[in-house]
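J.: the amino acid sequence is not available; the structure is as follows:
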């Protein structure tokens with residue numbers, strides 16, 4: 001697992017990175033992009049843990065704002081499958 005932040009070459013926007021030609025997003029950013037609710041810290045954390053438990057690859061990143069030192073980012077295709085988008 002690699003860690004990324006705003007200064008990374010892979011950075012696209014908050015919680016959105018292009019890593020080895022594959023887009024990764026945090027649950028928060030993915031839900032914002034698709035207008036999905038609820039989009040809260042607790043629920044997003046629980047869903048992220050379910051995604052990890054299912055065997056999805058992931059990395060971590062430092063969010064641009066908020067009270068977290070790191071959050072996890074996942075391949076967009078896997079997020080689309082998880083959220084049925």
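T.: All right, it came through fine. All of these numbers come straight from a predicted model, not from anything done at the bench. Numbers count the residues shown, from 1 in each chain.
J.: what's near enough to touch residue 56?
T.: By C-beta atoms under 8 Å, 6 or more residues apart in numbering, the residues touching residue 56 are 74-75, 78, 82. All C-beta atoms are positioned from the backbone trio N, CA, C, and that covers glycine.
J.: ok, and the closest non-adjacent residue to the spatially most central residue of the chain?
T.: Taking C-alpha atoms, centre = their mean, the centroid of the chain lies closest to residue 26, which sits 1.4 Å from it. Using C-beta to C-beta, 6 or more residues apart in numbering and skipping the chain neighbours, the partner closest in space to residue 26 is residue 15 (3.5 Å).
J.: number of residues surrounding that neighbour?
T.: For residue 15, the neighbour count with other C-beta atoms under 10 Å is 25.
J.: how about the contacts made by it?
T.: Taking C-beta under 8 Å, 6+ apart, one finds 25-26, 28-30, 61, 63-64, 71, 73 in contact with residue 15.
J.: also residue 71?
T.: 15, 26-28, 48, 60-61, 63.
J.: whichever of the residues you listed end up buried, select them in PyMOL.
T.: Entered in PyMOL, the line below selects the buried ones among the contacts of residue 71, by 16 or more other C-beta atoms under 10 Å:
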select buried, resi 15+26+27+28+48+61+63
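J.: just the contacts of residue 71: which are in strands?
T.: In this view, those that belong to strands under DSSP state E are 60-61.
J.: with pLDDT and distance to residue 42 added, can I get the contacts of residue 71 in CSV?
T.: Listed next are those as CSV, based on pLDDT from 0 to 100; distance: C-beta to C-beta, whole Å:
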residue, pLDDT, distance to residue 42
15, 97, 17
26, 98, 15
27, 98, 11
28, 97, 12
48, 97, 11
60, 98, 19
61, 98, 19
63, 96, 16
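J.: as a markdown table, the contacts of residue 71 with distance to residue 41 would be great.
T.: Output for the contacts of residue 71, formatted as a markdown table (distance: C-beta to C-beta, whole Å):
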| residue | distance to residue 41 |
| --- | --- |
| 15 | 13 |
| 26 | 11 |
| 27 | 10 |
| 28 | 8 |
| 48 | 10 |
| 60 | 16 |
| 61 | 16 |
| 63 | 11 |
